[in-house]
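# test case, fold it:
(2 chains)
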Amino acid sequence: MPTIGNAQLKLLEKLCNACAVSGDEGEVRKIVLEELKGHAEDVRVDALGNVLVTRAGSGKKRLKVMLSAHMDEVGFMLVTDDGEGLFRFETVGGIDIRQLPGKAVLIGKDHLPGVIGARPIHLTTIEERKQKIPLDALRIDIGPGGGKVKPGDRATFATRFQRNGPVLIAKAFDNRLGVVTLLELVKNAPANIDLLAAFTVQEEIGMRGAKVAAYTFNPDLAIVVDATPANDLPGWDDEENDSFNTKLGLGPAIYIADGNTLSDPRLVRHLSETAQAEGIPVQFRQPGGGGTDAGAIHKARSGVPSVSVSVPHRYSHTAASIARLDDWKNTLTLLHAALRRLTPELLASERG
Amino acid sequence: MTDITPFLKDLLTAPGLSGYEDPAAEIISAKWKPLVHEISRGRLGSLHGLRRGTGTSPRPSVMVATHMDAIGLMVTGIVDGFVRLTQVGGVDPRVLPGTLVMVYATGAGGRRAIPGVVVQPPVHLLPPEIGQNPVPLEYLFVDTGLPPRKVAELIHVGDVISYAQPPVELSGETIAGHTLDNRASVAALTVCLEELLSRPHVWDVWAVATTQEEIGMIGAIGSTFELCPTIAIAVDVTFAKGPGASDWQTSSLGKGPTLCMGPNIHPAMHKAMKDLADRLEIPYGLEYAPRHTGTDGYATQVTAEGIPTLVLGIPLRYMHTPVEVVAIKDIQRAGRLMAEFIAGLTPDFVEKITWDD
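Model (predicted):
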């Protein structure tokens, strides 16, 4: 049975602190490959940079189950060297530019530090402060000494992982929580299935890694492990917030429908029944927009029955996200139990 | 010259919002103790360090004022475990979303520091007219991630919240972090005191780390009256050229401290410092403040009968954001220049501060 102890927390910290903007996932890939040593024999890196792992089970009539977690995160690419250590940059993935001024960043493989400043408030006008600071007014500043940084380099927020009792704060919980969970599932793969694990690239810019990974694996079904926003804040006018997506502390979020995918009802039912049987708290993500790698996987080849399970966390795609330890633990427990209970009969059952 | 960076980093990591400067004062006091003969706190909390001069008593004295308080945020209320905010000092709310903070909680659980994040709520939880515009401070929250019951127990209305961005060394011997305004100047004054250990000076020196500058130079008002110096030097950060800042109000980062001129500054003091810098070949910039300098010098000048005042600036980028940037060299130069100025003060210097009309 997989558990979450100090080793897993350390691994999550390492993964969150790593920089792996879509298209430049090398640092997380390296950690993933290192972690898989001794746990799986069939490990490949494909043409796009996905890490594809197969752990064959030992029972009869085994389902080929694809589990997918994306390694990439949103971030920045430096695009112009303005001289004196100042660089123009573009965003990669869904980033609200109102989240950028006043943040520290890390650039490139060597994690060279930089900052995104803002005009001092003293030099702004009231009218100016009503407008958001446009991206073309922002620069990544590495200091006037310059350094081994050039256009094309990627940058991420510099936030370091921290824990305050039950609370976890870091950048890139989306989707390092998924990556660390999938790593634990591979290490503790149940024998009743063939576990096909894909640590994918480029999810944040259109699920591009998952598309080819699903083709390669050709699985019987797929479960995507991701991290989804908990927008469980109070509204400005004290009206009840009935559009929260998920809530922190209520356990793993099972997807019924998102912007790209209608989850296979048999898989939703299986997860729900597993949770009930095992006494694991779960929540159903409010059907709506957004999406996961399932959006690409369920359309692969002749189609793949798919579902997603996400760890709820607040403030996705910003410098500092918040998650709770218990939600992560319960996600891992739910997924492991659901895999153990999988039988080929499930896919023969009615969809409902 | 000793490396001032480790002390500065310590100081940047300490809280110390306006009115709540004790954590900063403790660090500064520990650092200054071996550098001064007496150390005490003023009635409004400013730290007063005295280095006695070699002249015969009663000696003239120079006060160097560097404010130690920081801008930040304060708890105004708690809604379902989320903390509502107001500002202490000038904060542009546009730099807040996603910012790491520390809440200095004083609720039922006793004093404790709780990490949190400034939250920009999703668009559908805000008044519709905000849309994609900046979210005003009144609609931002701080979230600690703790359950609402716990938050209500630990955090109290009025608790202060500081930025928690750790200091970062950037290239070209620059450093980024919050509260470099004005801990950079405290560091410069510390460099000055270290230099004076081996430099005899006739005058008494009052090294003062003032409180509540960010909300109206309050600490400097009380301390200047209490210490009644013969002359005063205020050291504060000034706008460095950089992204979003390039006009006449800005000075070059890393090209030396600025010598400010304008109504807050006695022209004879300005000229004396400028001549000294030229003689020592210490680089400096000239800064123009046609009205209020926005420094402790505004207060020192009009204390009691009036005190001849000088204002020195340390160029800093991105003022009042969590990632202010200064050049370490500018701190060292400001410290050395002040030490040379103080060591050169003759018993009759004050007679030279005249109006050359």
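# for the rest of this, base every contact and every neighbour count on C-alpha atoms.
Fine.
# residue of the stretch 101-250 of chain A nearest chain B, please.
As assessed by Cα to the nearest Cα, chain B sits closest to residue A:145 within the stretch 101-250 of chain A, at 3.6 Å.
# mind listing what the residue nearest to that residue when sequence neighbours are not counted touches?
Once flanking residues are discounted, residue A:145 sits nearest to residue B:172: 3.6 Å by Cα to Cα, 6 or more residues apart in numbering or on different chains. Listed by Cα atoms under 8 Å, 6 or more residues apart in numbering or on different chains, the contact set of residue B:172 reads A:143-146, B:327.
# which of those scores worst on pLDDT?
Comparing pLDDT over the contacts of residue B:172, the lowest score belongs to residue A:146 (88).
# and that residue, what is it in contact with?
A:83-85, B:171-172.
# read off the pLDDT value for the residue in chain B that chain A sits nearest to.
The nearest approach of chain B to chain A comes at residue B:172, 3.6 Å away (Cα to the nearest Cα). The model reports residue B:172 with a pLDDT of 96.
# can I assume it sits in a helix?
No - in this structure, residue B:172 is coil, not part of a helix, as judged by DSSP: H, G, I helix; E, B strand; the rest coil.
# tell me which parts of the stretch 251-352 of chain A are close to chain B?
Residues of the stretch 251-352 of chain A lying close to chain B by Cα under 8 Å from any Cα of the partner chain are A:315, A:318-320, A:322-324.
# tell me where the stretch 251-352 of chain A has helices.
Along the stretch 251-352 of chain A, the segments classed as helices by DSSP state H, counting those that start in this stretch run A:265-278, A:294-297, A:325-340, A:345-348.
# still on that earlier bit, of the contacts of residue A:146, buried ones?
Listed as buried from the contacts of residue A:146 are A:84-85, B:171-172; burial here means 16 or more other Cα atoms under 10 Å in any protein chain shown.
# mind jotting down where the helices sit in chain A?
Ranges of helices in chain A, per DSSP state H, are A:6-17, A:26-36, A:126-129, A:173-187, A:208-217, A:265-278, A:294-297, A:325-340, A:345-348.
# any chance of CSV for these, columns distance to residue B:143, mean neighbour count and mean pLDDT?
Putting the helices of chain A into CSV (distance: least, Cα to Cα, whole Å; neighbours: other Cα atoms under 10 Å in any protein chain shown; pLDDT from 0 to 100) gives the following:
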stretch, distance to residue B:143, mean neighbour count, mean pLDDT
helix A:6-17, 20, 18, 98
helix A:26-36, 28, 17, 98
helix A:126-129, 24, 10, 95
helix A:173-187, 16, 26, 98
helix A:208-217, 33, 23, 98
helix A:265-278, 29, 18, 98
helix A:294-297, 31, 28, 98
helix A:325-340, 16, 22, 98
helix A:345-348, 42, 12, 94
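# for those helices, which one sits closest to residue B:118?
Distance to residue B:118, taken as Cα to Cα, is lowest for helix A:173-187 among the helices of chain A, at 16.9 Å.
# got the angle for that closest one vs helix A:26-36?
Relative orientation of helix A:173-187 with respect to helix A:26-36: 20 degrees, computed using axes from the mean of the first three to the mean of the last three Cα atoms, to 10 degrees.
# what does helix A:173-187 contact?
Residues outside helix A:173-187 that contact it (Cα under 8 Å, 6+ apart): A:2, A:8, A:11-12, A:15-16, A:32, A:35-36, A:39-40, A:55, A:67-73, A:195, A:197, A:199, A:225-228, A:310-311, A:313, A:316-317, A:321, A:323, A:328, A:331-332, A:335-336.
# what angle separates that helix from helix A:325-340?
If you take the same axes, to 10 degrees, helix A:173-187 sits at 40 degrees to helix A:325-340.
# run the chain-centre distance for helix A:173-187.
How far helix A:173-187 lies from its chain's middle: 9 Å, per Cα atoms, centre = their mean, to the nearest Å.
# could you check the angle that helix makes with helix A:6-17?
Going by the same axes, to 10 degrees, helix A:173-187 is angled at 140 degrees with respect to helix A:6-17.
# just the C-alpha atoms of helix A:173-187, please, in CSV.
Extracted in CSV, the C-alpha atoms of helix A:173-187 (Å, rounded to 0.1, in the frame of the first residue of the first chain):
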residue,chain,number,x,y,z
PHE,A,173,1.1,21.9,-7.7
ASP,A,174,-0.5,21.6,-11.1
ASN,A,175,0.7,19.1,-11.8
ARG,A,176,3.6,18.0,-9.6
LEU,A,177,0.9,16.6,-7.2
GLY,A,178,-0.1,14.4,-10.1
VAL,A,179,3.4,13.4,-10.9
VAL,A,180,4.3,12.4,-7.4
THR,A,181,1.1,10.5,-7.0
LEU,A,182,1.7,8.6,-10.2
LEU,A,183,5.3,7.8,-9.2
GLU,A,184,3.9,6.2,-6.0
LEU,A,185,1.4,4.3,-8.0
VAL,A,186,4.1,2.9,-10.3
LYS,A,187,6.2,1.9,-7.3
